[in-house]
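Enquirer: Please find the sequence and the predicted model below.
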Amino acid sequence: MKIGIDRMAFATTDQYIELTELAEKRGVDPNKYTIGIGQDRQAVVPPTQDIVTLGARAAKKLLTPDVTRRLSTIIVATESGIDNSKASAIYIKHLLGLDDYIRAVELKEACYSGTAAIQFARGLVALNSQETVLVIAADIARYGLNTPGEVTQGAGAVAMLISADPHVLAIEPTSVSYSRDLMDFWRPLYATEAIVDGKYSTGVYVDFFKNTLTRYLQRTGRRLDDFAGIAFHLPFTKMGKKGLEGVLQDRDDAVANRLRDQLTASQVYCRQVGNLYTGSLYLGLMSLLQNGQVKPGDRLGLFSYGSGAEGEFYSGIVQPAFAENLSDVKEDLADRHRVSIDEYEQLFNSQLGMQTADVQFDLQNDDAPFVLAGQKDHQRIYQRR
């Protein structure tokens, strides 16, 4: 029985900044951001949006009466949780108006947990092939204003339906996971911004890719030329290039150049949005499927990484109807409007964060289908338009 990704959809905020403008404001050569980091634009998050509203917005694009009838579980993968106890999946289920007889949980392991959610969902579908599992990878990457990590911020959500007989990607049985207790990136419970050792984290990422890929090839007997392309976790697009080149080295043959070209195709959307943490790999996959040279029957590799640290390499076969079962990311990105750096800084500092006071946000400037209206009696208040 084939099990895998049946449909995919993406959502981000309606605002962005140009990173060349941010570079000018910070007194940095723009090439450091656009070439050195590999980013062009970054999603800006108004206080009326969070992982719940973004996750619900992405998931709504996938729901039909038939999907809703077969839905058994919602798994939200995030490292931007809004409560230390209550799962964000509960809020999303309510906003989407779904049946109460649905399992709803949240997973955490830095940027890796989106992949864990997919693997867990595959197990649920294997137990009952009539069920569909909704996996949502939603995050808001925050490092602080005028910090070294500021250029690698971002926000968005990727929603995926995991089912039997999938229309996008049939996931193959062999996967290799690898985990070690490392401190390359973390966010203590008292902090709203992450702490990161960037150079160390990049080295760990490359090592984890090499380790998982090598073991995968050993276990399957496959070679790099068996892949039409490889999708990477892309906290910033240059990271994927470092991972791929760490394996290819000085190769200049047809296979190596094909993988490089496909990597470029997978980076298109991430360059426009920034870091999605748990969703970055899967936005990269959508970008590869919509911008790369991909056809039904192709084998794609997927490398997932989460700091702290955990990595996984697995593969899937592209299905005949993949193109019709992806939301139109180009349209989503074209629909946004640009804000100034001053506006971005004001919005960044207006987030609900960890304050305990009651808050009521002005909703007039947010036309999104789901919004965070504020906080009352320590409870977040959401509205469905």
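Expert: The structure has been received and is ready for your questions. This is a predicted model, so every value here is computed, not measured.

Enquirer: contacts, neighbours, all on C-alpha from now
Expert: Noted.

Enquirer: measure Lys238 to Ser266 for me?
Expert: To Ser266, Lys238 is 12 Å away according to C-alpha to C-alpha, to the nearest Å.

Enquirer: okay, now the spatially closest residue to Ile37 that is not a sequence neighbour: neighbour count?
Expert: Excluding its sequence neighbours, the residue lying closest to Ile37 (C-alpha to C-alpha, 6 or more residues apart in numbering) is Lys238, at 5.4 Å. Counted with other C-alpha atoms under 10 Å, residues neighbouring Lys238 total 19.

Enquirer: what's the distance between Lys238 and Asp100?
Expert: Applying C-alpha to C-alpha to Lys238 and Asp100 gives a distance of 43 Å.

Enquirer: can you check Gln119 too?
Expert: Distance, Gln119 to Asp100, using C-alpha to C-alpha: 24 Å.

Enquirer: Quick check: which ranges of the stretch 251-385 of the chain have low pLDDT?
Expert: Low-confidence segments of the stretch 251-385 of the chain, defined by pLDDT under 70, are absent.

Enquirer: the helices in it, which residues?
Expert: Secondary structure of the stretch 251-385 of the chain by DSSP state H, counting those that start in this stretch: the helices cover 254-267, 270-273, 280-291, 329-334, 341-348.

Enquirer: secondary structure class for Tyr91?
Expert: Assigned by DSSP: H, G, I helix; E, B strand; the rest coil, the conformation of Tyr91 is helix.

Enquirer: do Ala191 as well
Expert: Using three-state DSSP, the structure places Ala191 in coil.

Enquirer: Count residues in the vicinity of it, would you?
Expert: Neighbours of Ala191 (other C-alpha under 10 Å): 11.

Enquirer: State the distance from it to Met183.
Expert: According to C-alpha to C-alpha, Ala191 stands 16 Å off from Met183.

Enquirer: just the strands in the stretch 151-300 of the chain please.
Expert: All strands of the stretch 151-300 of the chain, identified by DSSP state E, counting those that start in this stretch, fall at 154-164, 169-179, 185-186, 195-196, 229-232, 299-306.

Enquirer: hang on, the earlier thing: list the contacts for the residue nearest to Ile37?
Expert: Contacts for Lys238 were tallied using C-alpha atoms under 8 Å, 6 or more residues apart in numbering; they are 36-38.

Enquirer: TSV please, covering the residues you listed and showing pLDDT, distance to Gly27 and neighbour count.
Expert: Converted to TSV, the contacts of Lys238 look like this (pLDDT from 0 to 100; distance: C-alpha to C-alpha, whole Å; neighbours: other C-alpha atoms under 10 Å):
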residue	pLDDT	distance to Gly27	neighbour count
Gly36	96	15	12
Ile37	96	16	17
Gly38	97	18	22
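
Enquirer: Just send these back as CSV, with distance to Tyr178 too.
Expert: Below are the contacts of Lys238 laid out as CSV (distance: C-alpha to C-alpha, whole Å):
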residue, distance to Tyr178
Gly36, 28
Ile37, 26
Gly38, 27
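
Enquirer: and of these, the nearest to Ala11?
Expert: Gly38 (21.2 Å; C-alpha to C-alpha).

Enquirer: So that closest one sits against Arg271, correct?
Expert: Yes. Under the criterion of C-alpha atoms under 8 Å, Gly38 makes contact with Arg271 at 6.7 Å.

Enquirer: which neighbours do the two share?
Expert: 236-237.

Enquirer: can you count the residues close to Ser307?
Expert: By other C-alpha under 10 Å, neighbour count at Ser307 equals 24.

Enquirer: same thing with the one 3 residues further on?
Expert: Glu310 has 22 neighbours, counted by other C-alpha under 10 Å.

Enquirer: tell me the mean pLDDT for stretch 225-241?
Expert: For stretch 225-241, mean pLDDT rounds to 97.

Enquirer: Now for Gly203, how many residues are close by?
Expert: Close neighbours of Gly203, defined as other C-alpha under 10 Å, add up to 15.

Enquirer: roughly how far apart are it and Ala23?
Expert: In this structure, Gly203 and Ala23 are 25 Å apart, going by C-alpha to C-alpha.

Enquirer: cool, Ala141 as well?
Expert: In this view, Ala141 and Ala23 are 18 Å apart by C-alpha to C-alpha.

Enquirer: can you check Asn211 too?
Expert: Taking C-alpha to C-alpha, one finds Asn211 at 35 Å from Ala23.

Enquirer: just to revisit the earlier point, so which of the contacts of Lys238 comes closest to Asp14?
Expert: Gly38 (21.6 Å).

Enquirer: dump the residue contacts of that closest one.
Expert: By C-alpha under 8 Å, 6+ apart, the contact list for Gly38 reads 236-238, 271.

Enquirer: Equivalent analysis for Ala256, please.
Expert: Shown in contact with Ala256 (C-alpha under 8 Å, 6+ apart): Leu248.

Enquirer: Let me know the distance separating the residue nearest the centre of the chain from Ala157.
Expert: Nearest residue to the geometric centre of the chain (C-alpha atoms, centre = their mean): Gly279, 0.8 Å. From Gly279 across to Ala157, the span is 6 Å (C-alpha to C-alpha).

Enquirer: and for those two, which residues touch both?
Expert: Jointly contacting Gly279 and Ala157 under the rule C-alpha under 8 Å, 6+ apart are 137-139.

Enquirer: Spatially nearest residue to Pro188, not counting backbone neighbours?
Expert: Among residues not flanking Pro188 along the chain, Ala194 sits closest, at 7.8 Å (C-alpha to C-alpha, 6+ apart).

Enquirer: where does that neighbour fall, phi/psi-wise?
Expert: phi -80, psi 160 (degrees, to the nearest 10).

Enquirer: Surely it is in contact with Phe185?
Expert: Yes. Judged on C-alpha under 8 Å, Ala194 makes contact with Phe185 at a distance of 7.0 Å.

Enquirer: Look at the two and report which has more neighbours.
Expert: For Ala194 versus Phe185, neighbours defined as other C-alpha under 10 Å are more numerous around Phe185 (17 against 14).

Enquirer: my read: the more buried one touches Ser307, true?
Expert: Yes. In this structure Phe185 lies within contact range of Ser307 using C-alpha under 8 Å: 5.6 Å.
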